[in-house]
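Participant: structure, please.
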Amino acid sequence: MYDILIIGAGPAGLSAAIYCGRKKLKTGLISLDIGGQGNLTAHIENYPGALPQSGPELVEKFRIQAEKFGTEFILTRAQEVKKKGKTFEVITEEKTYEAKVILLAYGKVPRKLGVKGEDKFLGRGVSTCATCDGPLYKGKTIAIVGGGNSAVEAALDLATFAKKVYLIHRREEFRADEVTIEKVKKEKKVEIILDTEVLEINGEKFVQSILTENIKAKKRREIELDGVFLEIGYIVDSSLVKDCVQINEKNEVLVDSVGRTTCTGIFAAGDMTNTPYKQAIIAAGDGARAALEAYNYLTGGSGSKVDWRNPSSKDKY
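Facilitator: Residues are numbered from 1 along each chain as shown. From the prediction side, this is the model:
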């Protein structure tokens, strides 16, 4: 029986684990990998107190801290959360774990294009992680699909070793920061293709080409290449807790100002909640706050004090 089980090991989950460990709670952290979306970021320069570094470097420091304070890492997929009297069960692919408190921090998953060949070639030329798989395409031709910061930054990064980069966006303008857009426009290896959608991803054993269509002109074009990187955002999969907590139309778990969900004993933090502005620093702060509130719950209200909260019946455990 754990005091708390944290589901998810991105900045929110790791931050929560650090705080729970420092409170001497028996803490388990369930996740398929360590780092979450932090592993997908090549360059972070806006995390206070941390000089510019890669995402994997930053979250590795989180992991070391969490491990130092006694976090037990359980590397598997959480499939379902069930309430069992006053405690909870987390069902995974291997076994079932029990805890007094659950803290959800499982983040988001990559959004799909929903086109022919996407699933078939996933891992065989189709990737959702330019940072992870980009180096495999040295001297090759690739396409990046998307129009936000992650897509434009990926185009700049991959242009350093790829022979040719197509940056494809279905809208007329990018949503990335202006300074990043200006950089990619100057990169000679990058060909920008706007107002265009990918219709198919084709090949035999591996990706060989994509079929695109200009939305306005309805003109189709087949582009021969070696790889496709999908940078079109993320979605939240809250299926494992849909019967326990309230979620919104985006499948985000609804939380109050201290990370409490609509189910007593379940807390949530980070990108999979309705907290706005999905950033690593915000997720880490969410994780710390939710962990402190979970500790307060476990101690019957005698734990961490929130001096500025107006006393009310709902604030008492």
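Participant: give me the number of residues near residue 48?
Facilitator: 5 (other CB atoms under 10 Å). Bear in mind the C-beta positions are built from the backbone N, C-alpha and C, glycine included.
Participant: which non-adjacent residue is nearest it?
Facilitator: residue 281 (6.6 Å; CB to CB, 6 or more residues apart in numbering).
Participant: ok, now how distant is residue 240 from residue 167?
Facilitator: 35 Å (CB to CB, to the nearest Å).
Participant: quick one: which of the two has more around it?
Facilitator: residue 167 (28 against 18).
Participant: thought that one was touching residue 189?
Facilitator: No - between residue 167 and residue 189 there is no contact under CB atoms under 8 Å: 10.3 Å.
Participant: quick one on the thing from earlier: state the three-state secondary structure for the residue nearest to residue 48.
Facilitator: Under the three-state scheme (DSSP: H, G, I helix; E, B strand; the rest coil), residue 281 adopts helix.
Participant: look up how far residue 200 lies from it.
Facilitator: 39 Å.
Participant: which residues are in contact with the lowest-mean-pLDDT helix or strand in the chain?
Facilitator: Using mean pLDDT, DSSP states H and E, helix 130-133 stands out as the lowest-scoring helix or strand of the chain, at a mean of 77. Residues outside helix 130-133 that contact it (CB atoms under 8 Å, 6 or more residues apart in numbering) are 39-42, 54-56, 127, 144, 150, 154, 157-158, 227, 229, 231.
Participant: chain center to it: distance?
Facilitator: With CA atoms, centre = their mean, to the nearest Å as the basis, the distance from the averaged C-alpha position of helix 130-133 to the chain average is 15 Å.
Participant: so which of the contacts of helix 130-133 is the most crowded?
Facilitator: The most crowded member of the contacts of helix 130-133, judged by other CB under 10 Å, is residue 144 (32 neighbours).
Participant: need the pLDDT of it.
Facilitator: For residue 144, the model assigns a pLDDT of 97.
Participant: if I read this right, it contacts residue 167, doesn't it?
Facilitator: Yes - counting by CB under 8 Å, residue 167 is a contact partner of residue 144 at 5.3 Å.
Participant: now the common contact residues for those two.
Facilitator: In contact with both residue 144 and residue 167: 151, 155, using CB under 8 Å, 6+ apart.
Participant: which residues touch the residue nearest to residue 148 when sequence neighbours are not counted?
Facilitator: Setting aside the residues directly before and after it, residue 148 is nearest to residue 175 in space (CB to CB, 6+ apart), at 4.8 Å. Residue 175 makes contact with 147, 148, 149, according to CB under 8 Å, 6+ apart.
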